[in-house]
Each structure stands twice: as structure tokens, then as C-alpha cells.
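Participant: Would you be able to build a 3D model of this:
(one chain, ligands or ions: 2)
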Amino acid sequence: MTSAVSPTEPQGTPSLSDGLLHFPTSSALKLEPHLPPPRSSPSPTITMTNSNPNQKPFVTLTFATSLDSSLSLAPGVRTTLSGPQSKAMTHFLRSRHAAILVGVGTAVADDPGLNCKILSPLSSSPEGVGNGKREQHPNQPRPIILDPSARWEVSEKSKVVQLARLKQGLGPFIFTAKEVGEVPEERRAVVEGVGGKYVRVEGLKLKGEGKGEGATSRESFAWADVLRTIKEEGLDSVMIEGGGSVINSLLSLEQAGEQELVDSVIVTIAPTWLGAGGVLVCPPRAVGRDRQPAPPVRLRDVSWQPLGEDVVLCGKILR
Ligand SMILES: NC(=O)C1=CN([C@@H]2O[C@H](COP(=O)(O)OP(=O)(O)OC[C@H]3O[C@@H](n4cnc5c(N)ncnc54)[C@H](OP(=O)(O)O)[C@@H]3O)[C@@H](O)[C@H]2O)C=CC1
Ligand SMILES: Nc1nc(O)c(N)c(N[C@@H]2O[C@H](COP(=O)(O)O)[C@@H](O)[C@H]2O)n1
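Facilitator: Ligands and ions are numbered 1, 2, ... in the order given. Have a look, this model is predicted:
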């Protein structure tokens, strides 16, 4: 397939020999209106601000999807969708957020690293700037795992722990429910040994699924409570990466309050179909005033950017 990248738009070398990634300044500038303030800058000159800086962090919902709205081939199957350029973009986004959140389903399925592999801006890059040294970006995001019943068996072998030990990432914060009993001591020691911790979130709610026989009851946090907890931990921005259950619940109308939870949406669309059986981004449908099916959510202020063979869609939530 022909690359959609214009020959006049230098894409740089996305993956360098030491595994560090470069994201060209020209591409980064196009994302700027959709990002939280730069973490190192005390007085940012950006066009988008947190709509309520006191109660919640700036929230970016970002993920990679196939043409049939799949995040992965099947639950538990780690699936590469992003090409090299959009992978570099995701790691650039990680450098721009104080935290990165995934559900426990993703932690179990993927054993993700959740660090930022972008080359430090002080290093020399393919664009020819920098000090000649090749170093990892200093702004690492805090990994947050949404794990209400503390079922993630985190250990020294977990990638996020290994990266934190190597000082290539931060120790994870694991958000559990207050109602959960004590977490096994060995797991707590592993997490705290790399600067992470278990954080109790208030407000676990039993959420019925289905009606009548076979109906189940699952425990779930209201997103407003999760975001408040993130803010209370001193984290001003968070990128929510997935997986399906996290994204679908975040986009569901049930979660929408007076204040929109999500400030920015950045989606990588890969030119592939994954087929039936994948983990889908497909939030619950709404019902209109006329009682007819209605879309739960769409985007406004949309922009598109081709990156290699992928396309990156940015926008804001319109309810
Ligand atoms: N392409 C991409 O960009 C990405 C792809 N993925 C893929 O997604 C798949 C995983 O998705 P999925 O299986 O849906 O798992 P998730 O990562 O969405 O985790 C789901 C679990 O997180 C917990 N959770 C979610 N929402 C809440 C809430 N509001 N309150 C409390 N707990 C909550 C629940 O845990 P519990 O069950 O314990 O109650 C739930 O079962 C993997 O295959 C992964 O590869 C993941 C991220 C990005
Ligand atoms: N942006 C993006 N593109 C893909 O193709 C993906 N599969 C994902 N998945 C997300 O990234 C996590 C893995 O990343 P690292 O191990 O930290 O490199 C994975 O768990 C998903 O959250 N994302």
C-alpha cells in the first residue's frame, strides 16, 4: 500500500536502534490544540484548557482501532494496530500526560509497559537538533490500572515493574475498591518497591447487567470518582488507553454528567479489518426523545492527520 504521507512532510525515523522513538515536531504541532499544557512549562500557550481544573484532570481518550472498530483480535490477544509513525505518536502523547490509565483486562491480557519511549528533546534527533546524547524522555507517565477487585497478579516479572526498576518508567498506581479486603502482601511489596501503590477509590456501585434470569451484578466506579482520585493524587492529566470495557463505559451516556469527563479524543485508525470476535469499541446506544435508537456520542471540531498508513483522528466530545 502507498504511504499517505506527503513527501514534503518529513516523518523522521520513528524507531531508532536503541528502541527510542522520534516523533517529528511538524506532526506534534498539529496535535497541540488537543493536548493538555506541556508538563515542563509553567505558563503554557495552548488553545485548550482543562474545563474544571479543580476537580478533575485533563482527560485524553486515545486508542488504536481497526476499520471494524476492534482494539484487538480477541480478548487476551495482544494485537499491533499502529504503524511505526502512529506508535511514535502514542509515545509522544505519553510524554505529555502525567498519567496513563488502562483497565485490569488490558493489564492481564497485554502485560503492557505503559512507559514513554520517546527520545528526549535534548537528544540528537533525525531532525538534527539536540546535544548528541541519546536519552529517554524525562517525562514518564504514572501508570494507573483500574482494578476494583485487585485481581491483577502483579509481580517482579510484570513489564511495568521491570521498567520502573530500570528507571525507564514509573511504578503503577492500582485503583481498587474500598470494599476489597487486604491485597496480598507480596503484591503490595512489589508495587511499593518500585514507587507504586494501591489506591482505594470511593463509591463502588453495583451495576446490574441484563434483566430477569441470568442477570449479573458487577461492581463499577463512576468515572467522576476515578478522575477525582487521580486529581487528588496530584496528577493533572491522564490519557485513557483502554481497553474495550473502559472505553465503552467512559463513552456511555450513563457516565455523562453536567461536566464532560473527556477533554480530548485522539484515535489511530489502522487500515485493516480484524474480523468478528474482536474487542470492540461500541458504547451502549442511546434512546432519543421519540423513543427511537439514537447515537450515544459523536465528535466535534474534528481534524485528521495521516501518519504512515494510519490516520489519526482528533476531536472533542459532542453530546
Ligand atoms: N488498540 C488499543 O489501543 C488498545 C487495545 N487494548 C486491548 O483491549 C483488550 C482488553 O479490553 P477489555 O477486556 O475490555 O478490558 P479492559 O482493559 O477495558 O478492563 C476491563 C476491566 O477493568 C475494570 N473496569 C473497567 N471500567 C471500570 C469502572 N468504571 N469501574 C471499575 N472497574 C472498571 C473491570 O474490572 P473487573 O472485571 O475486575 O470488575 C473490567 O472488567 C485487550 O485485548 C487489549 O489488547 C487495550 C488498550 C488499548
Ligand atoms: N496505540 C496503540 N496501538 C496499538 O497497536 C496497540 N496495540 C495499543 N495498545 C495499547 O498499548 C499498550 C501496550 O503498550 P506498551 O507495552 O506500553 O508498549 C497496550 O496494553 C494497550 O494499552 N496502542
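
Participant: List the buried residues of stretch 176-187.
Facilitator: The neighbour-count check on stretch 176-187 (16 or more other Cβ atoms under 10 Å) flags T176, A177, V180, V183, R187 as buried. In short, each C-beta sits where N, CA and C put it, glycine included.

Participant: ok, and the closest non-adjacent residue to the last one?
Facilitator: Nearest in space to R187, with sequence neighbours left out and distances taken as Cβ to Cβ, 6 or more residues apart in numbering, is V154 at 5.5 Å.

Participant: Specify the local secondary structure of the spatially most central residue of the chain.
Facilitator: Nearest to the mean C-alpha position of the chain, by Cα atoms, centre = their mean, lies E241 at 2.4 Å. Of the three states, E241 takes strand under DSSP: H, G, I helix; E, B strand; the rest coil.

Participant: Also the one 5 residues further on?
Facilitator: Three states are possible here, and by three-state DSSP the one that applies to V246 is helix.

Participant: which one is it nearest to, not counting chain neighbours?
Facilitator: Take V246 and drop its neighbours on the chain: the residue closest to it by Cβ to Cβ, 6+ apart is G103, 4.1 Å away.

Participant: burial count for D110?
Facilitator: Neighbourhood size, D110 [other Cβ atoms under 10 Å]: 19.

Participant: so how far is P296 from it?
Facilitator: Using Cβ to Cβ, to the nearest Å, D110 is found at 26 Å from P296.

Participant: before we move on, what about G278?
Facilitator: Taken as Cβ to Cβ, the span from G278 to P296 is 20 Å.

Participant: Over to P37?
Facilitator: Distance, P37 to P296, using Cβ to Cβ: 29 Å.

Participant: Kindly report the residues of the stretch 101-250 of the chain close to ligand 2.
Facilitator: Within the stretch 101-250 of the chain, the positions adjacent to ligand 2 are V102, T106, D110, P112, G113, L114, E241, G242 by Cβ under 6 Å from any ligand atom.

Participant: Apart from its neighbours in sequence, what residue is nearest the fifth one?
Facilitator: Distances taken as Cβ to Cβ, 6+ apart put K159 closest to G113, at 4.7 Å, once the chain neighbours are dropped.

Participant: who's in contact with the one you found?
Facilitator: Applying Cβ atoms under 8 Å, 6 or more residues apart in numbering, we find K159 in contact with D111, P112, G113.

Participant: before we move on, what about N115?
Facilitator: N115 makes contacts with R94, Q140, P141, P143, V160, L163, Q168, G169, L170, as judged by Cβ under 8 Å, 6+ apart.
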